[in-house]
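Enquirer: Have a look; sequence and predicted model below, questions after that.
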Amino acid sequence: MGTRRLLLAGGAVVLACPALSPALSPALASFPERPVRLVVPYAAGGNADVVARLLAPGMQQRLGQPVVVENRVGGGGTLGADLVAHGRADGYSLLVGSNGPLSVNPVLQSLPYDALRDFTPVAMASRVPLTLTVGRAVPATTLAEFVALAKARPGGLNVGSTGVGSGTHLTLARLAHATGAPLVHVPFRGGGALGADLIGGTVDGVVVELNTALGLAQGGQARILAVAAGRRAVAAPEVPTMIEAGLPGFTAASFVGLVAPAGTPAEVLAALRAAMLGALDSAEVRARIVEGGGEPSGAEDRTAAGFGAFLRDELARTREAAALAGLSAG
């Protein structure tokens, strides 16, 4: 995902600093005057929804108005994203953005919005790294051994993902290309079936988020060979990164962040960013994110410029991976 050294643009909420109030513009001085919506383009219970509900109470406390999480399901995240993209650019409706609506769908689908042009980044909240996880019957304890086994076995190894065109599928395509290993893609329509088939030996490995992998590895039913992250995960410090395993720069994660409609006033964005980062930095929220296999965003992703650069990198990476997987826009 690239390492960018950008200065942290968070800090105390300016609305709560009386000493700064004389310099505030009228737009910021009166914002917010009513509830703020966090639009989650997926059903309740997923990673984006969980993160939104962790952030909402702290943001509400700092903004002084209700912060409401609203699930708008449809089109693999497209419905909710389009609602925000073409809504009023006043800071009262934000998209809880993730890979689907911001970096995957724009490459694989014809959308009613432009993921870069129609949104303004607020900040990234968290990311959960993807992993290569194998069943206990697979005689490989490292990524190198897994690659060697795939090359030695006629027909290669079967590796599952959460579906054709998913982030896990695209990461698998990148992994096969980077290692030269014959990895046969087996798409699943849900994590439950994927996990059951891994444990049962129907597939040799899976590319899944760390939180899913940790559940599969409990009790020794599966082994996590590597995480696709720039550093070892706090929730699994014993597992090497794919970079450590010999794949320079290989990172992949499910991310969650807030974006606003393009044209939202800069001072309103600053207030929203400060409230979000203040909520994110509470010990309870950080602990909950780590417990879920994720990590709160680092300094490089906490500015509009940093998160925007990340999104551009993700789109470029997705285009490359889609070409490797033989996928094109619908």
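Expert: Perfect, I can see it now.
Enquirer: Tell me where the stretch 51-200 of the chain is predicted with low confidence.
Expert: 190-191 (pLDDT under 70).
Enquirer: Show the residue spans covered by the helices in it.
Expert: 78-85, 99, 105-108, 143-152, 167-179, 191-200 (DSSP state H, counting those that start in this stretch).
Enquirer: between these, which gets nearest to Val51?
Expert: Of all the helices of the stretch 51-200 of the chain, it is helix 99 that lies closest to Val51, at 13.0 Å by C-beta to C-beta. Yep, even glycine has a C-beta here, placed from its N, CA and C like the rest.
Enquirer: May I see the domains of this structure written out as residue ranges?
Expert: What automatic domain parsing lists as the domains of the chain is 14-128+254-325, 129-227.
Enquirer: Output the longest helix seen in the chain as PDB, nothing but the C-alphas.
Expert: Scanning the chain for the longest helix, with DSSP state H as the assignment, gives helix 304-325. Extracted in PDB, the C-alpha atoms of helix 304-325 (Å, rounded to 0.1, in the frame of the first residue of the first chain):
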ATOM      1  CA  ALA A 304      -7.200  14.100   3.500                       C
ATOM      2  CA  ALA A 305      -4.100  14.000   1.400                       C
ATOM      3  CA  GLY A 306      -2.800  10.800   3.000                       C
ATOM      4  CA  PHE A 307      -6.100   8.900   2.700                       C
ATOM      5  CA  GLY A 308      -6.700  10.200  -0.800                       C
ATOM      6  CA  ALA A 309      -3.200   8.900  -1.900                       C
ATOM      7  CA  PHE A 310      -4.100   5.600  -0.300                       C
ATOM      8  CA  LEU A 311      -7.300   5.400  -2.300                       C
ATOM      9  CA  ARG A 312      -5.600   6.200  -5.500                       C
ATOM     10  CA  ASP A 313      -3.000   3.500  -4.800                       C
ATOM     11  CA  GLU A 314      -5.800   1.000  -4.000                       C
ATOM     12  CA  LEU A 315      -7.500   1.800  -7.300                       C
ATOM     13  CA  ALA A 316      -4.300   1.300  -9.300                       C
ATOM     14  CA  ARG A 317      -3.600  -2.000  -7.400                       C
ATOM     15  CA  THR A 318      -7.100  -3.200  -8.100                       C
ATOM     16  CA  ARG A 319      -6.800  -2.500 -11.800                       C
ATOM     17  CA  GLU A 320      -3.600  -4.500 -12.000                       C
ATOM     18  CA  ALA A 321      -5.000  -7.400  -9.900                       C
ATOM     19  CA  ALA A 322      -8.200  -7.500 -12.000                       C
ATOM     20  CA  ALA A 323      -6.100  -7.800 -15.200                       C
ATOM     21  CA  LEU A 324      -4.100 -10.700 -13.600                       C
ATOM     22  CA  ALA A 325      -7.400 -12.400 -12.700                       C
END
